[in-house]
Structure formats: structure tokens, C-alpha cells
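In: need a structure here:
(chains A, B and C)
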Amino acid sequence: MNRRGFIARGGALVVSFSLLPRLAGAQAAKLPGSLSKEPMLDAWIRVGADGRITVFTGKAELGQGIKTALIQVAAEELVVEPARIELVTADTARTPDEQYTAGSQSMQESGTAIMNAAAQTRALLAELAAKRLGVPVERLTIRDGTMNGVSYGELVAGQSLHVRAQAKSPLRDPMTRTVMGKPVPRVDITAKLTGQVSYVQDLRLPGMVHARMLLPPSYGARLRALDTAATAKMPGVLKVVRDGSFVALVAEREYQAITALRVLANGAQWDERANLPEPKEIYQKIRTLPSQDSVIHENGKSGAGAAMLEAEYRRPYQMHGSIGPSCAVALYRDEALTVWTHSQGVYPLRDALAELTGMPRDRIHCIHMEGAGCYGHNAADDAAADAALVARAVPGRPVRVQWMREDEHGWEPYGPAMLSKARGRVDASGKVEEFQYEVWSNTHSTRPGPAGYLAAGWHVAKPFTPPPPRAIPQPAGGGDRNAIPLYKFAASRVVHHFVTEMPLRVSALRGLGAYMNIFSIESFMDELAAAARADPVEFRLRHLEDPRAQAVVRTAAERFGWATWKKSPGRGRGFGFARYKNLAAYTAIACELEVDRDSGRLRIGRVVAANDSGDVVNPDGIANQIEGGIVQSTSWTLHEAVGFDRAHITSRDWGGYPILRFPDLPQSVEVHLVNRPGQPFLGTGEAAQGPTAAALANAFADATGTRLRELPFTAARVRQALGA
Amino acid sequence: MISLNVNGKTEELDADPATPLLYVLRDQLQLNGAKFGCGLGQCGACTVLVDGRAVFSCVTPVSTLEGRRVTTLEGLGTPEKPGRAQRAFIAEQAAQCGYCIPGMIMQAQALLERTPNPTSAEIRKHMSGNLCRCGTHMRILRAVERAAREP
Amino acid sequence: MPMPRFAVIASVAVAVCAACTAQPVAPDAVPARASFDPALIAKGAQLATIGNCQACHTAEGGRSFAGGRALESPYGTFYTSNITPDPDTGIGRWSEQAFARALREGVDREGRHLYPAFPYEYFTRLTDEDIHALYAYIATREPVRAENRPHELSAPFNSRALVGAWKALYFKPSPFQPDPARDAQWNRGAYLVNGLGHCSACHSPRNSLGAEKKDQLFSGGDAEGWHGPALNARSPAPVPWTADQLFKYLRTGLDDAHAIAAGPMEPVVRNLARAPEEDVRAMAAYLAALAGPPSAERLKKADAALAQAKTVSRANGRGAEVYAGACAACHDRGREAGSGGALPLALGTATTLPTSANLLRIALEGIAPPDGEPGRAMPGFADALTDGQVRDLAAYIRSEFGRASAWTDVDEELKKIREERK
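Out: Residues are numbered from 1 along each chain as shown, chains lettered A, B, ... in the order given. Take a look at the predicted model:
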């Protein structure tokens, strides 16, 4: 990134070097959040001579509301109205490199960086004001971008903020906050709900042409022959771009591209292989494929005692299923490539495009523009790569690539199928004496960077080999995320079997392994609680030492009315708890469920959640994320599994991959926040996925006396489990 | 040439008569409200009103729309002056990524035009053809209830 | 799901009124679950899927077997009854004797005649063993307290006495008679198709009094506004069915060379997916034998349909434009079954039927798998298309894909569907 550009364009901003923090000290201490990666203040915040404030983040808005929260943080520490702040998100020419917007880390990383950078900027401005006005810093009245009436713009005129961040900045007293901690309306919602240009799908550039992809019918299929004669004569068709099995059709108008692609598809002959596993044997397959095994946790000694309980849990491939299929716009001109993309990581995408196209990295510019919610690594990067390759073939004209629904369903990288096994026993005092847990999973990250992780990288004539997958190490973990219980057990042992061969394309789906591991472990906790004849909530509290964990468990139970809940035939209640990654937000969920055993249909009653995300910036934003997580996880848990046969993905549209609809929603969803002002931000975005699945599973077991250990809980599976 | 009445304005368009309305709205009239979600009439992201009824614009050929009134999200209101359903959705902050919400708003609008005071069950049933992936459903329901309540 | 059409002339009813009543069976609480062999309950569960019991006796969104589902008919609306073992509102006081009598004779426990909306015309063929298993299953369901909703029938059909008259004319309790000349699979299929499966109820024509025309069995019938296509040699399917294809269809609701189950057939195939595989195979074998080997002419037509299914439609005109913009994205070549593509209409039975009813209902109402279950999904076009456009589309599809003379009942059927949707 070219920071000198800012100074040149901003023109305005120097802070005299006498104001610089002592560099040596600042460098020695670890800088907060992403300041550790990008320590210069003006990479994060610029104050214009006109008083306008621009804040830069390497993170992207994915619908999680990060823009609003970051603006709140900056506004709070800068003491300006949020409306004064313009926020620039992920852009390889403008913003810091914060890698991916993923892992519920945006607030910890970018939010912390911006909060500290803003506080430091305010302090610098205060020193300038004090000097200029001859008033001690502590006597300044700071109000909406002014200090004793002098605007920030006047203060910074002729100064530069190109200074290093310091390790500790004077953060405002949480008790005096006016913007943080308040339910500020989202900055993007009104525009989105009135049809303003909001998404990359809405981007229209002069001279833009439309492309559609002819993706192979199955993994590994090779294009044997392609008849382009019929499409060449069709109205508006400009070009068929082919590179090996990479095929795109370019037309002047969108619907021309769509209709011509159908004809092109008719004239394509593919060599296919049936190289997918037998669907019925997928868990056996995962269990037996070569794996890298590691003991990720061990404490205490296993001993003899009561017989071990044992249970095995299964989770199928599940998809992101964005409502808007992936889209990108690319322009290749003057040997430079600009790509507008809803990728979660514009910088890593730039690396991938450089490798894919052979272009130098500094000739590629990736700009984030929102897409539909992605919930992880979907086909956003693939569409961007497709657009880049097609744009190279039609230089000078912006190319819009829009994947069709069947492209997205068939080719996005799924959340991997997983298998887990829990064993354990309780002692006479009703505590867990021994706990063993093993999880088998593919990697949960095949994100570009490497061109070999792009669909286009597989299909071009000279394909790029995907690098061998690597496990994401603990404490975050990948397939083993949340495989280590937060509970304290006398003896426990957790093993991660990292399965390297990937029968289906897989990558990061919201929560990664945490969804499955929390489902498994929290289901098993209820089985252990039953063995101990203990109430599930009390049993959890018995094993939790962290007071914040205890607080969310108690809050959820109280608000649900756990102690006074009345059982009736066919109805049950369930509880689930986890601290995401064992280091992010705490979430506890209680729910009630009614089972119609003959139809297999489940009706969810009240769902009550308690969440501790640390220092709450936007309570309504957190509530929205938790509510959404609960509903999405309910959909995963009740309905979702990617269908495939020996050659093809068979879930190619919403008929083949049903998700939750309005009639199947819970009766109600309540979210109660436990705010911890002044504490670190704890990522929220993925925190509800696991506890929701566990609460549903436990409620089912409570309602029926039968436990479902294989996801999803379809009507057919429910009927089968309950028998006649 | 095809003549279309969109949001009260008559538009003369050069388009293949079989072209689904969605592409004409987005590419020729530069209206962003209706979204491409599936192109199969399965998700509702492209919902617009035709003569007051909710239809999926991705599978509605423009040839079928001559002499009929098309209303898109843009026809309900503007950022400065959002329409009733839009105001209710904004008030409830009923969006995450927001991609499905224009379709939800149009579907809600169609319901309220025929059933001004829908029950909770009627809302759930009526909205069942529209998919949301962020899980914003509970807020959407609250927004529809609010729109019914507040003039 | 049978379509009762027992228009009865009053004088006939008076003449045979002596046959109107039967003795009540003494109330007797259904036995506890523990008294039934679990294997018997499981057998009953499988038989119940073939009988489609649950689909009829469950209201939309309601509790299983608690009744309340509306069945529209020319005589008014029937509401199915609560057959859970709730003692007050269900059949919790029905002994097996009372249960068997209802199935075989169409009489409830108190001795009142049951309307033939309940298909005892077919269930009368059930064996003692199968009734025993069905009773074990039904008696062990979750009791649900749900009062039966009275039927809403116009006079004179709201008189139970007339039912007795109708039965005297058209109903004769009789067990299944196997045909020793046929093999065991055929006989099993015949027993299931003509008994528990009550396929003929929808797939045979009925006379003006609502009784099956015995000489035209399986020549096509009506159910809930849909046409049940002929299953005998008159089958209108563009491609003749094989037993394997029938099996696949009955099991999954979808055969790529024929049809997707819709309307009243949709719950039938969903249930058959849970039935014993060999039973569904037997039904398929029986039905394939019923149609007999296809003629040379039919085979020739089938080849033409299969060839047409591989092409992209190219016709002009208003109906063709509607098809191109509304239907082709899924139904034309270029989007195969493997990528979620829909049935090429040249193979669709709805295009070749004697009535436009099924095509219109699919086009207007769409096809939706049950919530949460994978399947083919199609939107309904009732609000998108005007009546004129539906007529254009139907005419185009009929001539282009059905390759048959124009339907004459489009206006009438369209009016019916529009009325229902109001």
C-alpha cells in the first residue's frame, strides 16, 4: 500500500515530531489489535483540514454490522458524531492489510486498533490544542470534533499523523461513553432497504459486459469438446473464453449471456469420473482416510471406575448457501487489473490472482464491495478469479461475472463432514472423572492465497496444484475448534484426527469445527449429567470455573425459567453452552421443543440466549448476530446436508438443499447480553452456532428419551430414531 | 419495443420479450431493489409487485407485463422518505447482509395490501416462499407486524 | 384420496333405508402399548404408509393423525377424523372389532355409516393380519385431544341415511381374491394396489352417483381438482412406463422420463418412500402388467418425445415467449437433472392428459417439497400470469410438447382454480 499517497492527497496533516510518543517504548510493547501489523496511525485515521474524518479498516462488511461498530468505536474515542466519520473498508490500495474478515476477530483486531488509534489521535489533537490555545490539556472541553471550540480540521492543518502507534493510549472512561455501548442503527441498512447501490452485484461501470461461467458438471471433469458455432450467432454474444476446462461466455447484456450459456452447455462434452465416495459410507470414509493425529489436550490420569459412556456424532457436508450467488467485476486496462469483490480477504485474493494470472502483485488492485452474507469462505474468491481471467481476455471493458444458483450450490467449498467420538464417566460425587474426545475432520481452511485454492486454478489448462492442507493450530483450531471443553474434568484427553484427503471441496463455514464439537460435547454433557442424575444446567455449573461462563449459563437458565419449566408429553427443554474458540464470546442457549413422532416434525418453542461478548459496542448489533446465528444453526441442525452421488453434487438449488423457512421458525428468540465495559472485545459472529445445535439436540432427548447423534435432524431421521 | 409501467412511470424498452423482468429492471432501468438470487423462482430475492401481487421477477417475462403495474422497492420510498414497510424494517433493524430484504419488504407489502391486520401465523405462511440465510427472520416478522400496526 | 360422488336420489334412499344402521360396538379402551408386540406395531406402521393414513388424517401443520384435513368434493367439504387413541375425541374407545368393522364395512363404532371419503370400498379387501397390525399401530399413537370438525356438506348429502342407500347400491364387503394364474409378486401388488393403496379411488372414472365404473377401472379419474392419469393401456404417458420406472416414481416421486409427483399424489409417494421396498416393487409390477406391453405406435411416439426432450425449444408466439422467460430456465436443455434441472415437458404426462387441470394447477400453484425435505421446487405463477397468458402458455405447451389437439376445458379449469385461491 502506498501511504505517501495519503499524505500527498490529504495535504493537510502534520503533527510536530515533538509530539511523537517515545518510539523505543512503543516498539518494545506489543501494539493492540491490528496495530501490531500496521503501526502507523495515518493508515487508520485521517483528519482532513476540512474536519472530515476518514477511518480505514482492512476488514469488510459482511452483513455482520462491522462498519457501524467500527464507526462507533472511532467516534467514541475521537469524540465526534458518528455521522462525521467516513469508513473505508478492505481495499488493497487504501486500507491496512488485515488478511481475512473471519473468525469473529474483526472487533478484537480492527476494533481494538481503531479504538487505540483514535484515542491516541485525540490525545495528539489535544496536545496541539493545548499548545495553540495555551490551556492545559486537562482543561480542554472536547465536543463533537472541537476542542474549546477549535475544530479538529483547524488543529491538524499543516500537520501529519504519520506517526507510530503507542502500546497504551488514553482510552475514555467506559462510564462516560456516549456512542459505544448504545444500540446505534446500522449505517448501511437504510440504503440497502431503499435500493441504493450497496452490493458488488449492483455495480455498473461504463461499457460493462456480462459473463457467465460454464463450470464443469463434476469435480475433475475435463472438457473434451466445445461447440461454439451456435452461440457465436446469438445476439449480443461477444466471446467464449476458454482455457482448458475453464469456460466463460461474454455478452453485451446479462440475459443474452444466460440464454447463450444454456446453448453453450448443450454443446459441451465432458469426461467425467465417478470419484466421490459412496454417500452412505461417508463417515466410514472419513474415519479411514489417512490422518495426522495429535493429542491437543491432556490432563489428569485415566483410571478405573464406573463404566464409560460412549457416543459417536456425525455432521454432514453443509453449505454456506449465500442468498446472492457470488459475483465480481473486473477491469483489465493498461496492464493493470482492478477487481471489485466480496471476498473476505482482498490482500490474500490479490496474491492468488497474481499467481493465477502471472501478473505482478502491484498491478492488481482488489476492492471489497459487499455481497450477500457469506458465513465463511464461499465462492466469492472464485468469482473474482473468474472475472479476472475473463477481463484479461476482453481488455478495456469491465466484466461482470455472476455465478448462477447452481454454480454456487455445486462449487462452493462446503463445511466439511465430520465425525466425533466421546467417552466419559462420572464419579460417585456426580462429577466427571474422565473424559475422552476424538474428532475426525478435513481442513476448515482452503482460502486463497494460493491459486490452487481457486476453482479457476483447477480448471485452466495448466492447473495450479493446491498446497497440502494444514491444520489451524490451537487454541483457535480448525476441525478441532472447541474440541477441548471449557469444563474442568479430573482427567481428559482430546485427539484431533486431521484428515488430509478431501473427497469434496471444503473450507471455512461459520464456526468451523466448533459447530460440530460443541454439538457433540454438549450433547455428551447431558448424557453424563443423566448418568450423574443431575440437572443439566447445574451439572454444567459444577464443572465451570470461569465466573463469566457461569454468569451466562445462569442468565440463560433464569431468563428461560429453567427451574420452573413444566414438562408435558412430546415436549422437552434443552441447554447448550460454549465459549467460542475458548477465547471469544460466551454463549448459553436454552430452548424448548415439541416432537410429533409420527411425522418426525419438530416445533421449536421459546429460545433464550445469554451472551457475553466482552465490551459491547453495539448491543443491537450483537443481538442481531446472535438471533441470526440461532436461526441459521437451527436450519443447519434440522434440515441441511449436501447431497451427492458417486460423481455429482446433487444439491444444486434450494429444492435440493432445503433451508429453514418462516413456518419452521422458533416461536420466539430472546437474547440477553452481559456487558463488560472496558474489557476486551470478544468476537460474537460465530458464537451461537454450536450452542444452538446442542440445545436442540438436548431438548429432543428430553422430549423423547431418544438421542439424535447424527445431523441434521430431518423428519425421516426423527421417525427412524423413534420407530413406530 | 416493450412498454412497461414501473413505479408509475412508463418505460419504453428494447428487450427480447422473453427477458425476465429482473434483468430489465437491473440492467436497463438501473433499479437495484430486485436482486438475483436463484433465477428459478425459489428464493424470493427478486420479488416485485405486479398489480399489487407479489411475483418473482426472475421468472416473469417482460412480454407478460404490458398494461400491468410493476412496483419495485424503489417505488415504495426513498432513503429520505421510506415507505411504510421500509420504515418498519428500518425501525426493527431487520437486516443483516440485507440481500434478501428488498424481496421480503415487497412480499410484506403484498400481504398488507390484502390483509391489513395479519395474524402471526398468516405472516409466517405468507412469507414462506422467501428465503433468508442470515437468520434475520424473527426481526422480519417483527417488522411486518410493525408495518401493520404503524400507518 | 378418493373423491366421493354419491349423488343419491331421495326415493332410492327411502327404499333401502332399512340398510342404514348397524349395531354399536361396545366401548372398550384401546389396549396399552405394552400389550402389543413391537414387531406388529412396526408392521402396522409400514402398512399405514401404503394406506396413506397419516396424510389424510393430519391437518396442515397439525398433529399427526389428529384429523381436521379438509377434503373438497362436489358435495361440500369433508373433514377427516381424529384417529389418535384419545378416548373422548379420537378412537381411544374403539376395540379392534370396531376398528376392523370400520375398515371393512364403513361403519363407525356407534354404528353410523361412514362417508366413502374414507376408502372402505378398498380397505374391505384387507386381511385379518393386516388389520390386526394396523390396529396395533394406530392404537399406540400419541393421543391428541382434538374434536372432530363436522363435515360441511350441502343437502341432501349431509344425511348419513343416504350413505346407507349408496352403500346398498355400490358397496359389497368382500375380501381380496388372489389370482392363482399369476405369480406371488403380481398378487401382492394387486392386493396392495386394490386394497390398502386404494389407487383406483383417484385413477378410475366414477359414475354420476360417485361410484367407480367397474368396466373402466384405472382408465383415469379425478381427485381434489386433479386428474389421476389412466394406469391401464390408456396411459397417456409420452413414454410407456416400465416396472422399474414405476418403482422409482412411487419411491421417490420422480422419474426422469415421466413425471414428478404433485397434488394429491405427492403425499402418496412420500409415504411409499417409507414402505417396504418389496411391497412397492410389487405394486409397480402389478401396475406395469395392468398397462401391458406398449404398442409399436406408442413406442414410436415415445422415441419422438425423447428426441424432442434433447432439443432447445425454438417456437414463436405469445405462449412461447411466456415459456421462454418463465419456464425454460429449468425445463429446457442446458440445465440437466444433475444440476437441479426440471423435467423436459415433452416427457411430462401433464401435457398429454385429456384435461388441462394438472398442467394448470402445476403452473399456477407450483410444486413444493415438504418443508425441510429435499425435492424439486417450482414456483407458482398464479399471481404472475393473467388468465390470458395462462391460456396462451397452456395452448403452447399442449401443442408443442403434448403434440395433441387443443384442450377445451382450460377456461373452466382456470376459473375453478382462481375461485379456490380467492
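In: going forward, measure contacts and count neighbours with C-alpha atoms only.
Out: Fine.
In: now the helices: where do they sit in the stretch 1-150 of chain A?
Out: With DSSP state H, counting those that start in this stretch as the criterion, the stretch 1-150 of chain A has helices at A:3-10, A:23-28, A:66-78, A:106, A:112-133.
In: Just name the most buried of those helices.
Out: Highest mean neighbour count of the helices of the stretch 1-150 of chain A: helix A:106, a mean of 29 (counted as mean count of other CA atoms under 10 Å in any protein chain shown).
In: for that one, packing partners?
Out: Helices and strands touching helix A:106, by 3 or more CA pairs under 8 Å, 6 or more residues apart in numbering or on different chains; DSSP states H and E: there are none.
In: List the contacts of that helix.
Out: Residues outside helix A:106 that contact it (CA atoms under 8 Å, 6 or more residues apart in numbering or on different chains): A:59, A:66, A:683.
In: Would you check those and say which has the weakest pLDDT?
Out: Least confident entry in the contacts of helix A:106, by pLDDT: residue A:683, with 91.
In: ok and the residue in chain B nearest chain A?
Out: residue B:97 (3.5 Å; CA to the nearest CA).
In: Look at that residue and report its pLDDT.
Out: For residue B:97, the model assigns a pLDDT of 98.
In: Please enumerate the helices of the stretch 301-422 of chain C.
Out: Under DSSP H, counting those that start in this stretch, the stretch 301-422 of chain C gives helices at C:318-322, C:328-331, C:357-365, C:387-400, C:410-421.
In: quick check, nearest of the contacts of helix A:106 to chain B?
Out: Nearest member of the contacts of helix A:106 to chain B, counting by CA to the nearest CA, is residue A:66, at 10.6 Å.
In: mind checking how far that closest one is from residue C:191?
Out: Noted for residue A:66: a distance of 65 Å to residue C:191, by CA to CA, to the nearest Å.
In: Could you tell me which residues of chain B lie near chain C?
Out: Taking CA under 8 Å from any CA of the partner chain as the criterion, chain B approaches chain C at residues B:17-20, B:39-42, B:50, B:53-56, B:58-61, B:63-64.
In: re earlier: please tabulate the contacts of helix A:106 in JSON lines and include distance to residue B:104 as additional columns.
Out: Conversion of these to JSON lines gives the following (distance: CA to CA, whole Å):
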{"residue": "A:59", "distance to residue B:104": "28"}
{"residue": "A:66", "distance to residue B:104": "23"}
{"residue": "A:683", "distance to residue B:104": "29"}
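In: Quickly name whichever of those is closest to chain C.
Out: Using CA to the nearest CA, those come closest to chain C at residue A:683, 30.6 Å.
In: looking at this, the closest one is in a helix?
Out: No: assigned with DSSP: H, G, I helix; E, B strand; the rest coil, residue A:683 falls outside any helix and is coil.
In: That one touches residue A:102, doesn't it?
Out: No: using CA atoms under 8 Å, residue A:683 is not in contact with residue A:102, being 9.9 Å away.
In: Below-threshold pLDDT in the stretch 351-500 of chain A: ranges please.
Out: For the stretch 351-500 of chain A, no stretch has pLDDT under 70.
In: Show me what residue of it gets nearest to chain C.
Out: residue A:406 (6.2 Å).
In: Apart from its chain neighbours, what residue comes closest to that residue?
Out: For residue A:406, ignoring the flanking residues on the chain, the nearest one in space by CA to CA, 6 or more residues apart in numbering or on different chains is residue A:652 at 4.8 Å.
In: Kindly report the same for residue A:361.
Out: That would be residue A:354: by CA to CA, 6+ apart, it lies 5.3 Å from residue A:361.
In: try residue C:207
Out: Counting by CA to CA, 6+ apart, the residue nearest residue C:207 is residue C:213, at 6.0 Å.
In: follow-up on the earlier one: tell me the secondary structure at the residue of chain B closest to chain A.
Out: Classification of residue B:97 by three-state DSSP places it in coil.
In: Name the SS class of the residue of the stretch 101-250 of chain C found nearest chain B, please.
Out: Scanning the stretch 101-250 of chain C for the residue nearest chain B gives residue C:146, at 19.4 Å (criterion: CA to the nearest CA). In the three-state summary, residue C:146 is assigned as coil, counting by three-state DSSP.
In: Could I get the contacting residues of the nearest residue to it once chain neighbours are set aside?
Out: Once flanking residues are discounted, residue C:146 sits nearest to residue C:89: 5.8 Å by CA to CA, 6+ apart. By CA under 8 Å, 6+ apart, residue C:89 lies in contact with C:82, C:145-148.
In: Include pLDDT and neighbour count when you put the residues you listed into JSON lines, please.
Out: As requested, the contacts of residue C:89 are exported to JSON lines (pLDDT from 0 to 100; neighbours: other CA atoms under 10 Å in any protein chain shown):
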{"residue": "C:82", "pLDDT": "98", "neighbour count": "28"}
{"residue": "C:145", "pLDDT": "96", "neighbour count": "16"}
{"residue": "C:146", "pLDDT": "97", "neighbour count": "18"}
{"residue": "C:147", "pLDDT": "97", "neighbour count": "15"}
{"residue": "C:148", "pLDDT": "96", "neighbour count": "16"}
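In: From the residues you listed, pick the one nearest residue C:256.
Out: residue C:82 (37.5 Å; CA to CA).
In: Make sure the closest one is indeed in a strand.
Out: No: checked against three-state DSSP, residue C:82 lies outside a strand; its state is coil.
In: does it really touch residue C:149, like I thought?
Out: No: contact criterion CA under 8 Å: residue C:82 and residue C:149 do not qualify, at 9.1 Å.
In: Show me whatever sits in contact with both of these two.
Out: Common neighbours of residue C:82 and residue C:149 (CA under 8 Å, 6+ apart) are residue C:68.
In: Could you pull up the residues touching the one residue sitting closest to the centre of chain B?
Out: With distances taken as CA atoms, centre = their mean, residue B:106 lies nearest the centre of chain B, 2.9 Å away. Residue B:106 makes contact with B:47-49, B:54, B:72-73, according to CA under 8 Å, 6+ apart.
In: For it, I want the exact helix or strand it lies within.
Out: Assigned by DSSP states H and E, residue B:106 belongs to helix B:101-114.
In: Following the chain onward from that helix, which element is next?
Out: helix B:120-126.
In: Spit out the contact partners of residue C:125.
Out: C:104, C:173-176, C:191, C:194-196.
In: For PyMOL, write a command that selects the buried ones of the residues you listed.
Out: Only the buried entries of the contacts of residue C:125 go into this PyMOL selection, using 16 or more other CA atoms under 10 Å in any protein chain shown:
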select buried, chain C and resi 104+173+175+176+191+194+195+196
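In: Pick the one among the contacts of residue C:125 closest to residue A:501.
Out: residue C:196 (49.4 Å).
In: Chain neighbours aside, what residue packs nearest to that closest one?
Out: For residue C:196, the closest residue by CA to CA, 6+ apart turns out to be residue C:51, at 4.8 Å.
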